[in-house]
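Chemist: Could you work out the structure for the sequence below:
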Amino acid sequence: MDTRIMWGRPLNRLMGVAFVCWALGQVQEMRASHLVGGDLGYQYLGETFPGSGLFRYNLKMRMYLNCGPSSNWPQMIEWLQGAPGLNVGVYEEDPLNPGAAKVRYTVAVVTMTSYSVITPDIPDSCVLGDGQCVEESLFEGEVVVPASTGGYHLYFQGYSRNDAILNLFDPGNAGFGIYSFIPPTAIVNSSPVFSGVPVPFICVTESTSFSSAAEDADGDSLVFTFEKPYDSQEDIAGIVQPPLVLDWPIAPVVYASPDYNELQPFGPGGVATINQETGAAQFSAPMIGNWAVAVEVKEYRNGQFIGRIKSDMQLLSLPCSDNDAPAPVGGELTTAYQVNAGDTLCFPLAFVDANGDTIHLDANGIIFDSTLFNPPAVISGAAFGDSTITGTFCWPTVCDQGRPEPYTFTVVAYDEACPPALYSATITVDVVTAAEQLAISGPPVACAGQTTATYCAESGGGTEFLWSVTGGTLTSSTNGPCVTVEWNTSGIGTVEVTSDVGDCVFSSEQTISIVDPPQASFLVEMDTTCTGIKARAVNSSTDGTTAQWLFNGQPLTPGDTTELILPFSLNSTVQLTVTDVNGCTDQDAQSFSVAPYSEVVEFRIPNVFSPNGDGKNDIFELITSQHLSECSDIRIFDRWGKEVFASGGGRMAWNGSRGGGEKASEGVYYYIVKVDQESFHGHVSLMR
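Modeler: Numbers count the residues shown, from 1 in each chain. Modelled structure (predicted):
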C-alpha cells in the first residue's frame, strides 16, 4: 500500500467540526435536524472612510450537517444556493447595563460562498455509517456599525439538533445558538479562527486526541475552555430569524441528567480535558453514541478581556478495532519552536504506524494561508515505507511578523484502519519581535546633571548600529554596539538604535525618565558643653529618602538627625549625603572652627568675698556666660601653701570653710583655676 502526504488539504477536510447557527430573512419550513456543528467569526475591515465613525466587519460562518442517506442535506444545499442569505443578529452592548437583554441593532446577511463534502480517507471496505458523511458550508457577509463603547454581540440561531444526541434532554427539540463578541470599536480586533482538526468520531473507551486550536491574527492571548452549547431562543423548525431582543444571558442547552455537564460531556466513565493555552483536548466516551460539546475561546490583550467565540460540535463514539494511532518517530513530538523574525524555521514531522497501516498527514493554521502570509509556511517531503511518513515544515518569516504571542498550527497523522486512528498535536511558533531581538540594556531612570549612562544593543548578531538620543547628549561614538549618554535636564528622554539583525533592519527605542536629584541641606542646633560644642544636625533636604552622615570623614548612624560634639580648638566638618528612590544623590557639607574654651566661654573670677551669712557675696565661684562653672577645676591655698579647698564631688564653689567645716580666717588666699587646657592664677580676699 502507498503512503500519502496530504499537504494542502484543509484540516476540516479530515473530519467535521463545530456548528454555527444560522438565521434567514424568512423561516425555512424544512426541519434542519441534521446540523452537527459550526462557528461564527469576524474580520475587522476598518472605517468606511477615515473619520466616518462607521466600522466595517466581514462575518465568516461555517456550518456542518450530516449528509448521510437519511438527511435532507441535498435539499438544504439547493435551498441555500437560491436563498438571499442567512441572517445574523447584531446587538449593541450597553456598558451601563451589561446584564440587561440585548436589543437588536441590525441584521447582517451572510451568503454561502462554497460547500463541500468532507469524509475521512478510509478503505472502500470500511463502512462507518451515515454519521461519517459531513457537509461543510461557508458563508460570508459584511456589516457596518457605528462607533460603540460597549461593543456588539453576534448571534445566530437554528432549529433543531440531531435527536440521537445522548447527553442532551429531548435533543430533537433542542436548538442551536452560535455567538461571538466584537469589543468596543476603539479596539481594532478580528476574532480568532479555529484551525484544529476535530474528528467526527472517537473510539469508545479509548483516548482520542482532538485539537480545538485557534489562531489570532492580532496576536492576542487566547484561553480555551469547555462551555455549555447554546440553545436557540425560539423553537421554530428550520432556520430562524434572529430575535428582536436577545435574552441575557443566552440560554444553554439542557443536559439529559445531572451526570452530564460542560466539563463532563460524556458522563461518568468519560474523559474530557483541554489545554487552556493551546486548545489541545483528549476525549474518551464510555459508550457508543452522539455527544454535544462546545469549546469557547476568550481573547485577552494586555491582560484585558476583549472578545470571545464559541465552536459547537457533535462527536460520534464508535466501537473500534484493536488499532494503534500513528505516533511521532522517537516517541515524542516537539511542539514549541522559536525563530527570529526574518529568519527561516524548518523542522521535520515524522510519524510511524505500529500496525503497518498507510499514514496520512495533515496540517492547518493561518500561517499556511498565502493571502495572509507572504510567503506562507509550507510542509513538503516524502514517505519512507508503507507505515512511515516524513515531512519538513518550513516557514521563511519576514521582518514584521514578530509578535508577543506565538503562532499556532495543528498537525494530524491518521491511518487507514476502520475506523482510522488519529494523532493530533498543536504546535506553537514564537516569532521573536524586533524589540526582543534588539533590546536596549541600560538604566531606564537617569539623574539630571549627574548621570552619564551606558546603553548597549542586545542585537543577537547585529554588525552595524546607529544611535540617536533625545533629552541628552551622546558622549561616545554613535556607530558602536554601546553608547554613553549624559542626561542634563529633567523630563523624558529616549535612546534609539537601528541595527541589522539577520536579513532585517530593526529599530528599538527605550524611554528614559530623567528626574531632578534631591536637594541636600541640614540645620545645626548648637549648645556649649564642657568638652566642646554639642551639635544636633537635622536633615532638611527635599526628596531624599535616605540620609548618610560623615563627621570628619567618619560615618555616623544613618537617619534624619544625628548628634555630635565639635571639640574646642579644632576644625570639624559635617557632611550629609541624601539618596532618593531613583538612586539620585546630593551632598551638603558645613565646616566648623571651634575656638579654645576660654574664648568661647566668658568667665569672671571675683577678687573678694564675705562669707558672713548675710546672703551677699557669701560664695567664691567661677562666673561663666554659659553657666558652665562645673567645667572648671578650682584649688585654693592659704598663704602658707596649704590647700583649703578643691572642687570635686559636686562642690564647685568655696564658702570660706576649711576641711571639716572650720571657718577660714580673714585674709588673702591664692587660687589656681584650670579651664579646659588653660590655668589661671590669682588671689582673693576673704572678709567677714
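Chemist: residues of the longest helix belonging to the chain that come out buried?
Modeler: With DSSP state H setting the assignment, residue counts place helix 73-82 as the longest helix in the chain. Under the neighbour-count criterion of 16 or more other CB atoms under 10 Å, helix 73-82 has 73, 76-77, 79-80 buried. C-beta coordinates here come from the backbone N, C-alpha and C atoms, glycine included.
Chemist: JSON lines for those, including pLDDT?
Modeler: As requested, the buried residues of helix 73-82 are arranged in JSON lines below (pLDDT from 0 to 100):
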{"residue": "W73", "pLDDT": "64"}
{"residue": "M76", "pLDDT": "71"}
{"residue": "I77", "pLDDT": "71"}
{"residue": "W79", "pLDDT": "71"}
{"residue": "L80", "pLDDT": "72"}
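Chemist: any idea which of the residues you listed is closest to P518?
Modeler: Using CB to CB, the shortest approach to P518 within the buried residues of helix 73-82 belongs to L80, at 74.5 Å.
Chemist: Excluding chain neighbours, what is closest to the closest one?
Modeler: Setting aside the residues directly before and after it, L80 is nearest to M112 in space (CB to CB, 6 or more residues apart in numbering), at 5.1 Å.
Chemist: helices and strands around whichever helix or strand comes after the longest helix of the chain, which ones?
Modeler: On the C-terminal side of helix 73-82, the nearest following helix or strand under DSSP states H and E is strand 86-92. Of the remaining helices and strands, those touching strand 86-92 by 3 or more CB pairs under 8 Å, 6 or more residues apart in numbering; DSSP states H and E are strand 54-66, strand 102-118, strand 134-146, strand 152-159.
Chemist: now for those, which one comes closest to G342?
Modeler: Each of the helices and strands packed on strand 86-92 was scored for nearness to G342 using CB to CB, and the closest is strand 54-66 (29.9 Å).
Chemist: mind listing what's buried in the closest one?
Modeler: Residues 55, 57-66 are the ones in strand 54-66 that count as buried (16+ other CB under 10 Å).
Chemist: Give the pairing partners of that strand; include direction for each.
Modeler: Within its sheet, and counting by DSSP bridges, strand 54-66 is paired with strand 35-47 (antiparallel), strand 134-146 (antiparallel).
Chemist: Put the alpha carbons of stretch 635-648 into CSV.
Modeler: Coordinates of each C-alpha in stretch 635-648 appear next as CSV, following Å, rounded to 0.1, in the frame of the first residue of the first chain:
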residue,chain,number,x,y,z
ARG,A,635,42.0,74.8,94.1
ILE,A,636,42.5,77.3,96.9
PHE,A,637,45.6,77.7,99.2
ASP,A,638,46.3,79.8,102.3
ARG,A,639,49.4,82.0,102.4
TRP,A,640,51.4,79.1,103.8
GLY,A,641,50.6,77.0,100.8
LYS,A,642,48.2,74.7,102.5
GLU,A,643,45.2,73.7,100.3
VAL,A,644,42.0,74.7,102.0
PHE,A,645,39.5,73.9,99.1
ALA,A,646,39.4,71.8,96.0
SER,A,647,36.4,71.4,93.6
GLY,A,648,35.0,67.9,93.0
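Chemist: Show me the contact partners of that stretch.
Modeler: Contact with stretch 635-648 is made by 620, 632-634, 654, 657-659, 664, 667-672, 684, as judged by CB atoms under 8 Å, 6 or more residues apart in numbering.
Chemist: now that stretch: mean pLDDT?
Modeler: Taken as a whole, stretch 635-648 has a mean pLDDT of 89.
Chemist: re earlier: quick check: beta-bridge partners of the residue nearest to L80?
Modeler: With DSSP bridges as the rule, M112 is bridged to F139.
Chemist: and the gap between it and E78?
Modeler: For M112, the distance to E78 equals 11 Å [CB to CB, to the nearest Å].
Chemist: which ones among the contacts of stretch 635-648 are found in strands?
Modeler: With strands identified by DSSP state E, the entries of these that belong to them are 632-634, 667-672, 684.
Chemist: Same list (these) but as TSV, adding neighbour count.
Modeler: Converted to TSV, the ones in strands among the contacts of stretch 635-648 look like this (neighbours: other CB atoms under 10 Å):
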residue	neighbour count
S632	21
D633	16
I634	23
G667	11
V668	12
Y669	22
Y670	15
Y671	18
I672	15
V684	16
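Chemist: how about these in CSV, adding distance to G553?
Modeler: Written out in CSV, the entries for the ones in strands among the contacts of stretch 635-648 read as follows (distance: CB to CB, whole Å):
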residue, distance to G553
S632, 32
D633, 33
I634, 38
G667, 55
V668, 52
Y669, 48
Y670, 46
Y671, 42
I672, 38
V684, 46
